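Engineer: Fold the following for me, if possible:
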Amino acid sequence: MRSSRSPGRFDVMFDDDHAVANAGLVLTASMAEILGIEALADGIINLGDRPGAARPGRKVMTLVQSMVAGGDCIDDVDVLRCASTEEVLGHKAMAPSTCGTFLRSFTFGHVRQLDRLAEAILARAWAAGAGPGDAPMTIDMDSTICEVHGHHKQGATFGYTRVRGLHPLMATRAETGEMLQVRMRKGSANSGRGAERFVNELVARVRRAGATGQLTLRADSGFWSRKTINACQRLGVLISITVSQHDVIRKAIAAIDDDAWVDIDYTDGGVAQVAETTWKDLRLVVRRTRLVGRQATLWPDWRHHSFVTDRPGDPVALDADHRQHAVVELAISDLKEGAGLNHVPSGKFNANAAWLVLASIAHNLLRWVSCLGLDHPGTIVAKTIRRRLITVPGRITRSARRDLLHLPSRWPWRHQFMTVVVRLRNLPLVR
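Structural biologist: Numbering: from 1, shown residues only. Just a heads-up that it's a prediction; the model follows:
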């Protein structure tokens, strides 16, 4: 005999037309309405007479909201069409097959139209209060591997990681985790391929979007090249770029006087020191580490980690700041794990390039909800925002000519949710 509290006692029925699968989408839908994303997309994206050309704004918003809710493939947009979920979106959710046709119609030029859309949305969000204004801004540039399986993905091949996939290039805002610019590349592209052009476009984009303060670019050794450095210097961007241990770098490090090394905090069982020298016209800041005590025999020699910079300041402080470049991995993880870039869904390269840009827009919507609604510009990861604010179930009713969205009582983060609602409703429409 089953207990009166046994889960097995229920008869399960899918019959509630008033239920909302992810009621928190009302927050990102409100943000999208404030920024006018659908109308922007209708004005910028023009597929001509290609299949899926009609209503590009509605298809963009369908794909973006699906990714906001955690969708990582085209079929996942169907969750937006269940029961009354469409009502919190502010637009009709398009079918998966329609969205798939839309993405497969993209050429390289149409992907560039999506880039223009992403820039226009970024500018409007920054104008609404999420931007850096005239404050300094640090940009982290990196790449990642989007692993694929099978032989039918255009552009997917083995790169330096020996993993079959695509190799997109990304730039994030260090302070908030926003995706400033993304660019899909084939899997065999090395880390620095196209970096100079990417930097030129990136700096122009953030300047047009309203960043008027000093810019700093941080990157790992994959982007250490004279072309990239020259592009930054020409554009007035300060740099902090890791360098590989080539012979010329080893010789420069070996020439550092022993008295120049300064001790810094390090983990128990090890020591770390920082010093600086020069490489061509740039400062070369070096951090060396080694183990001490019982484990010292594992790595008895100093290991060196160095980067070039033209920033002013103490080398110890510059080294600590350069190590913060690792926050870019959190932004990439937000983009990939459990969300849009968990994998690339199409066999068409340009469809996947468009998917990447749309995933960056969805990622930024979550970040702006956190920034403008909760004053947490980069301290809450997307997974947490999604769990606390987006995937809450709800139910829509109507009473006295009012539409009511009922959410679960005793929801642990109800105060945060209502704070976001109030703040977003007080923002003016940005046009």
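
Engineer: Check the closest residue to Trp302 other than its chain neighbours and give its pLDDT.
Structural biologist: Using CB to CB, 6 or more residues apart in numbering and skipping the chain neighbours, the partner closest in space to Trp302 is Arg288 (4.3 Å). Glycine gets a C-beta too; all of them are placed from N, C-alpha and C. Listed pLDDT for Arg288 reads 92.

Engineer: Restricting to C-alpha, output the helix or strand harbouring Arg288 in CSV.
Structural biologist: Per DSSP states H and E: Arg288 is located in strand 282-291. Below are the C-alpha coordinates for strand 282-291, written out as CSV (Å, rounded to 0.1, in the frame of the first residue of the first chain):
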residue,chain,number,x,y,z
LEU,A,282,58.0,47.0,-23.6
ARG,A,283,58.3,46.1,-19.9
LEU,A,284,58.8,42.4,-19.3
VAL,A,285,57.4,41.4,-15.9
VAL,A,286,58.5,37.9,-14.7
ARG,A,287,57.1,35.8,-11.9
ARG,A,288,59.2,32.8,-10.9
THR,A,289,58.0,30.0,-8.6
ARG,A,290,59.4,26.8,-7.1
LEU,A,291,58.6,24.3,-4.4
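
Engineer: Do I have it right that Gly100 meets Ile74?
Structural biologist: Yes - using CB atoms under 8 Å, Gly100 makes contact with Ile74 at a distance of 4.9 Å.

Engineer: okay, those two: which has more neighbours?
Structural biologist: Each of Gly100 and Ile74 has its neighbours counted (other CB atoms under 10 Å); Ile74 has more, 23 against 20.

Engineer: got a list of what that one touches?
Structural biologist: Taking CB atoms under 8 Å, 6 or more residues apart in numbering as the contact definition, Ile74 lies against 63, 96, 99-100, 103, 345-346.

Engineer: who wins for most neighbours among the residues you listed?
Structural biologist: Leu63 (29 neighbours).

Engineer: In a helix, that residue, correct?
Structural biologist: Yes - counting by DSSP: H, G, I helix; E, B strand; the rest coil, one finds Leu63 located in a helix.

Engineer: how near is it to Ala39?
Structural biologist: Distance of Leu63 to Ala39, computed by CB to CB, to the nearest Å: 17 Å.

Engineer: Name the residues that touch the helix or strand harbouring Asp321?
Structural biologist: If you go by DSSP H and E, Asp321 is part of helix 315-323. Identification of contacts with helix 315-323 by CB under 8 Å, 6+ apart yields 218, 240, 242, 262, 264, 274-276, 283, 285, 287, 307, 309, 311.

Engineer: need those residues in CSV with neighbour count, can you?
Structural biologist: Shown next, in CSV, are those (neighbours: other CB atoms under 10 Å):
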residue, neighbour count
Arg218, 27
Ser240, 23
Thr242, 17
Val262, 14
Ile264, 15
Val274, 21
Ala275, 21
Glu276, 18
Arg283, 18
Val285, 24
Arg287, 23
Phe307, 25
Thr309, 22
Arg311, 16
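
Engineer: Show me where the chain has its helices.
Structural biologist: Assignment of helices within the chain using DSSP state H yields the ranges 25-35, 37-44, 56-68, 86-89, 96-104, 108-125, 195-209, 226-234, 247-254, 315-323, 327-336, 349-374, 382-385, 414-425.

Engineer: and of those helices, who's closest to Met179?
Structural biologist: Of all the helices of the chain, it is helix 349-374 that lies closest to Met179, at 3.9 Å by CB to CB.

Engineer: and that closest one, what does it pack onto?
Structural biologist: Taking 3 or more CB pairs under 8 Å, 6 or more residues apart in numbering; DSSP states H and E as contact, the helices and strands that helix 349-374 lies on are helix 25-35, helix 56-68, helix 96-104, helix 108-125, strand 179-183, helix 327-336, helix 382-385, helix 414-425.

Engineer: tell me the most buried of these?
Structural biologist: Highest mean neighbour count of these: helix 56-68, a mean of 26 (counted as mean count of other CB atoms under 10 Å).

Engineer: Distance from that helix to the middle of the chain?
Structural biologist: Distance of helix 56-68 from the chain centroid (CA atoms, centre = their mean, to the nearest Å) equals 17 Å.

Engineer: Identify the residues contacting stretch 324-340?
Structural biologist: Outside stretch 324-340, the residues that touch it by CB under 8 Å, 6+ apart are 67, 70-72, 140-142, 144, 146, 170, 172, 174, 177-179, 218-220, 240, 242, 341-342, 355, 358-360, 362-363, 366, 378, 381-383, 386.

Engineer: Using ChimeraX, define a selection of the buried residues within these.
Structural biologist: Entered in ChimeraX, the line below selects the buried ones among the contacts of stretch 324-340, by 16 or more other CB atoms under 10 Å:
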select :67,70,71,72,140,141,142,144,146,170,172,174,177,178,179,218,219,220,240,242,341,342,355,358,359,360,362,363,366,378,381,382,386
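
Engineer: what does the strand holding Arg288 contact?
Structural biologist: For strand 282-291, contacts defined as CB under 8 Å, 6+ apart pick out 229, 239, 243, 249, 252-253, 256, 261, 264, 266, 269-278, 296, 298-311, 315, 318-319, 322.

Engineer: okay, and the common contacts of Gly100 and Ile74?
Structural biologist: With CB under 8 Å, 6+ apart, Gly100 and Ile74 have common neighbours Ser346.

Engineer: from what I can see Val243 touches His305, true?
Structural biologist: No - in this structure, Val243 is not within contact of His305 by CB under 8 Å, at 9.3 Å.

Engineer: Now list whatever residues contact both of these two.
Structural biologist: Joint contacts of Val243 and His305 (CB under 8 Å, 6+ apart) do not exist.

Engineer: can you tell me the average pLDDT over stretch 389-408?
Structural biologist: Rounded mean pLDDT across stretch 389-408 is 93.

Engineer: so how far is that stretch from its chain's centroid?
Structural biologist: On CA atoms, centre = their mean, the centre of stretch 389-408 falls 30 Å from that of its chain.

Engineer: what's the answer for stretch 99-114, then?
Structural biologist: So, by CA atoms, centre = their mean, the centroid of stretch 99-114 is 20 Å from its chain's centroid.

Engineer: Ends of that stretch, what's the gap?
Structural biologist: Using CA to CA, to the nearest Å, the end-to-end distance of stretch 99-114 comes to 15 Å.

Engineer: Quick one: mean pLDDT over it.
Structural biologist: What stretch 99-114 shows for mean pLDDT is 96.

Engineer: neighbouring contacts of that stretch?
Structural biologist: 44-47, 50-53, 56, 59, 62-63, 74, 77, 94, 184, 346, 348, 350-351, 353-355, 357-358.

Engineer: Pass me the low-pLDDT residue ranges in the stretch 51-200 of the chain, would you?
Structural biologist: Applying pLDDT under 70 to the stretch 51-200 of the chain flags no residue at all.
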